[in-house]
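Asks: okay, structure incoming, though there's no sequence with it:
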């Protein structure tokens, strides 16, 4: 009887004093995870009475029932941030996880780097996951890979100011195939931002950040016209450029290199929103970014810069297509042969890091490694740097390196032909 009265009293006490249960969380977690407590205490959530149980539920009460704590996903954030959630669903960040898992190479790489989040998965964790995907992750010990929002608004402070800082973008948008941070930070836009930050420009001076251009007015539906792969459908009207893009699409496995018809990978591109597949969508995204440019620059100036970018882009793709065709010729003549799950006698960019680690697949040939580097590292730098207004990257890190890659591929092909035993 005493126990009944005690628990009844405790229930009524907790209902009348909800802060008591919250204080219990804080008292314990000050010892277990003090950084999280400090972050939450400094957050807008704490300021507005958003307690631990709002996001984590109230089932977890001690170290013995840790698994009962809910680890919130994007839908929990959407309860209060519905508009931002709806925007995020339409943007490219929502397809990060889908895109990573669509690559064949993902599933033969070390698990710790992919699903474990210490490599590609560290950034490609972005994206709303199905309940089945979360069950698989949890079963493998990856219990914390639930939420995309905390990639930019890191928990538990969830600061809007942090997410508006360009450094929030730097953690993913840097390095080998997407050095946007390096391009922007050393461009005129970036140097003006840092000068303004140091007090060396007037407070009203224009100094565009990543967010100003790609998430104008806080819109979370960020997307670009060319997409990450740097291809589009329908093809450019310029025939020479269109032919070059067809060659690149064949190397991506989106078009059958024998028949030229779409493969099942086109459906993957659609599902992961990796490219603009209608003229209307391409023009819509281009108009969106141009509108941002018009805030500081004249329409004539902006339109000319984009026209110039397209002319340069065409030259990049012609260079890339020439290299692909050289390697494709080695396949055609039987000097290179398909390996593993490679379907066609043609270079395949989606098997770019193929190794014998736990896969039973032969390593990628050296000439294909150079070809992949030309596409994924140097072509990416060549076209992205032009749009990020970075002349040094556009030439020395992009165009000049592509020319060097092409020269090496030509020389390697000559050697392979000369030494091939028929």
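Replies: Received it, and whenever you're ready, just let me know what you need. This is a predicted model, so every value here is computed, not measured.
Asks: burial measure for the closest residue in space to residue 148 that isn't next to it in sequence, as a count.
Replies: Nearest residue to residue 148, sequence neighbours excluded (C-beta to C-beta, 6 or more residues apart in numbering): residue 126, at 4.7 Å. Every C-beta, even on glycine, is put in place using the N, C-alpha and C of the backbone. Counted with other C-beta atoms under 10 Å, the neighbours of residue 126 add up to 25.
Asks: what do you get for the one 10 residues further on?
Replies: Taking other C-beta under 10 Å as the neighbour definition, residue 136 ends up with a count of 13.
Asks: and it, how far is that from residue 26?
Replies: With distances taken as C-beta to C-beta, to the nearest Å, residue 136 is found 33 Å from residue 26.
Asks: got it, and residue 113?
Replies: 35 Å.
Asks: how about stretch 226-239: buried residues?
Replies: Going by neighbour count (16 or more other C-beta atoms under 10 Å), the buried part of stretch 226-239 is 226-233, 236.
Asks: now the two most distant members of those residues.
Replies: 228 and 236 (17.9 Å; C-beta to C-beta).
Asks: from residue 391, how far out is the closest residue to residue 398 other than its chain neighbours?
Replies: Leaving aside its chain neighbours, residue 398 sits nearest to residue 382 (2.9 Å; criterion: C-beta to C-beta, 6+ apart). According to C-beta to C-beta, residue 382 stands 12 Å off from residue 391.
Asks: show me which of those two is the more surrounded one.
Replies: Shown here are residue 382 and residue 391; by other C-beta under 10 Å, residue 382 has more neighbours (27 against 12).
Asks: now that one, what's its secondary structure?
Replies: Under DSSP: H, G, I helix; E, B strand; the rest coil, the three-state class of residue 382 is helix.
Asks: quick check, pLDDT for it.
Replies: Per-residue pLDDT puts residue 382 at 95.
Asks: and whichever strand or helix holds residue 86, what does it pack against?
Replies: Using DSSP states H and E, residue 86 falls within helix 82-90. Here helix 82-90 touches helix 74-78, going by 3 or more C-beta pairs under 8 Å, 6 or more residues apart in numbering; DSSP states H and E.
Asks: what about residue 336, distance to residue 372?
Replies: 14 Å.
Asks: now do the helices in the stretch 151-300 of the chain.
Replies: 160-164, 167-170, 180-185, 188-197, 210-214, 239-251, 265-271, 279-293, 299-332 (DSSP state H, counting those that start in this stretch).
Asks: quick one: mean pLDDT over the fifth one.
Replies: Read that as helix 210-214. Mean pLDDT, helix 210-214: 96.
Asks: which residues does that helix contact?
Replies: Residues outside helix 210-214 that contact it (C-beta atoms under 8 Å, 6 or more residues apart in numbering): 163-164, 166, 169, 173, 180, 184, 218, 222, 224, 289, 292-293.
Asks: what's the closest of these to residue 261?
Replies: Taking C-beta to C-beta as the measure, residue 261 lies nearest residue 224 of the contacts of helix 210-214, at 27.1 Å.
Asks: what separation do you get for the residue lying closest to the closest one once chain neighbours are set aside and residue 89?
Replies: Nearest non-adjacent residue to residue 224, counting by C-beta to C-beta, 6+ apart: residue 285, 6.1 Å away. Between residue 285 and residue 89 the distance is 17 Å, computed by C-beta to C-beta.
Asks: do the same with residue 32
Replies: Residue 32 is 34 Å from residue 89, by C-beta to C-beta.
Asks: so for these two, which residue has more residues nearby?
Replies: residue 89 (16 against 10).
Asks: cross-check the contact I'm expecting between the more buried one and residue 148.
Replies: No: checked against C-beta atoms under 8 Å, the pair residue 89 and residue 148 is beyond contact range at 10.2 Å.
Asks: between those two, what contacts are shared?
Replies: Common contacts of residue 89 and residue 148, defined by C-beta under 8 Å, 6+ apart, comprise residue 128.
Asks: count the residues that sit near residue 123.
Replies: By other C-beta under 10 Å, 18 other residues sit near residue 123.
Asks: what residues are up against residue 380?
Replies: Shown in contact with residue 380 (C-beta under 8 Å, 6+ apart): 177-178, 230.
Asks: before we move on, back to that, list the contacts of the residue nearest to residue 398.
Replies: 312, 316, 394, 397-399, 401-402.
Asks: again, 6 Å this time
Replies: Residues near residue 382 by C-beta atoms under 6 Å, 6 or more residues apart in numbering: 316, 398-399.
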